[in-house]
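Asker: how does the following fold in three dimensions:
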Amino acid sequence: MKLVRISGSPSAHSRSHWLLALAVERLQPQLASLIAVRELPAEALLGADVHAAPIAAALQQVLEADVVLVSTPIYKAAYSGLLKTFLDLLPQDALRGKRVLPLATGGSAGHLLALDYALRPVLNALGARQIADGVFATDAQLPRGAGNRFEAAPELLARLDVAVAGLLALAPLAQPQPS
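Answerer: Numbers count the residues shown, from 1 in each chain. You can find the predicted model right below:
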């Protein structure tokens with residue numbers, strides 16, 4: 001299983017980035033590459049320069065993946081603009097034939113539906129048909145603990161385990177063959 005994780009958080013020490021790492025830990029893949037969108041060159045990203053080496057490499061990682069995990073903080077009832085900028089660079093069917101798990105964090109449960117009404121339609125437009133039930137975590141479910149690390153509430157861990165099991169249960173669809 002070739003897994004790529006996409007972190008759409010502008011911060012390296014965010015709850016959504018930590019939730020993504022926790023999901024990968026629970027999946028225990030042999031190979032899991034990370035695309036931290038915040039680390040891609042801003043000028044190339046904003047200029048949609050898909051030929052810039054770091055952008056091209058990130059896009060290729062997504063195209064070669066079997067499983068894609070997408071994590072984002074929710075701002076104003078939508079996923080991050082940083083993630084949107086990256087997703088806009090993907091080819092139209094970039095997620096076809098891949099299993100996808102959306103993950104998100106937000107200040108309150110009031111942002112819970114952003115996974116289904118904002119992120120899921122974009123993943124679907126990119127060809128994803130095997131989208132597992134997403135996991136949304138509030139700040140209260142991921143409080144900061146000792147050493148400035150986040151600690152997941154037991155109910156969050158249980159939901160994450162169910163989502164990971166659901167992701168693994170999805171049968172991958174055949175990749176489209178070039179004509």
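Asker: can you show me the strands along this structure?
Answerer: 2-7, 31-36, 67-75, 78-79, 99-106, 130-131, 135-138 (DSSP state E).
Asker: I'd like the average pLDDT over the third one.
Answerer: Yep, that's strand 67-75 we're talking about. If you average the pLDDT over strand 67-75, you get 96.
Asker: re the thing from before, take the strands of the chain and write them to CSV, including distance to Arg15 and mean neighbour count.
Answerer: (Each C-beta comes from the backbone N, C-alpha and C, glycine too.) As requested, the strands of the chain are exported to CSV (distance: least, C-beta to C-beta, whole Å; neighbours: other C-beta atoms under 10 Å):
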stretch, distance to Arg15, mean neighbour count
strand 2-7, 11, 24
strand 31-36, 15, 17
strand 67-75, 7, 26
strand 78-79, 14, 19
strand 99-106, 4, 26
strand 130-131, 21, 20
strand 135-138, 7, 22
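Asker: rank these by pLDDT, which is bottom?
Answerer: The bottom spot among these, by mean pLDDT, belongs to strand 31-36, with a mean of 90.
Asker: mind giving me the packing neighbours of that strand?
Answerer: Contact analysis of strand 31-36 by 3 or more C-beta pairs under 8 Å, 6 or more residues apart in numbering; DSSP states H and E lists strand 2-7, helix 53-64 as its packing neighbours.
Asker: in its sheet, what does the first one sit against?
Answerer: For strand 2-7, sheet partners with direction are given as strand 31-36 (parallel), strand 67-75 (parallel), following DSSP bridges.
Asker: got the ones you listed as TSV, with distance to Leu156 columns?
Answerer: Shown next, in TSV, are those (distance: least, C-beta to C-beta, whole Å):
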stretch	distance to Leu156
strand 31-36	20
strand 67-75	14
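Asker: to Gly81, which of the ones you listed lies closest?
Answerer: strand 67-75 (7.8 Å; C-beta to C-beta).
Asker: nearest spatial neighbour of Arg144, chain-adjacent residues omitted?
Answerer: Phe150 (6.1 Å; C-beta to C-beta, 6 or more residues apart in numbering).
Asker: what about that neighbour, neighbour count?
Answerer: For Phe150, the count of nearby residues is 20 (other C-beta atoms under 10 Å).
Asker: in this structure it contacts Gln141, no?
Answerer: No - taking C-beta atoms under 8 Å as the definition, Phe150 is not a contact partner of Gln141, at 9.4 Å.
Asker: which pLDDT value goes with Pro91?
Answerer: At Pro91, pLDDT is 96.
Asker: my bad, should have said Pro29
Answerer: 75.
Asker: list the residues that contact it.
Answerer: 1-3, 67 (C-beta atoms under 8 Å, 6 or more residues apart in numbering).
Asker: let's see it at 10 Å
Answerer: By C-beta atoms under 10 Å, 6 or more residues apart in numbering, Pro29 lies in contact with 1-5, 66-67, 69.
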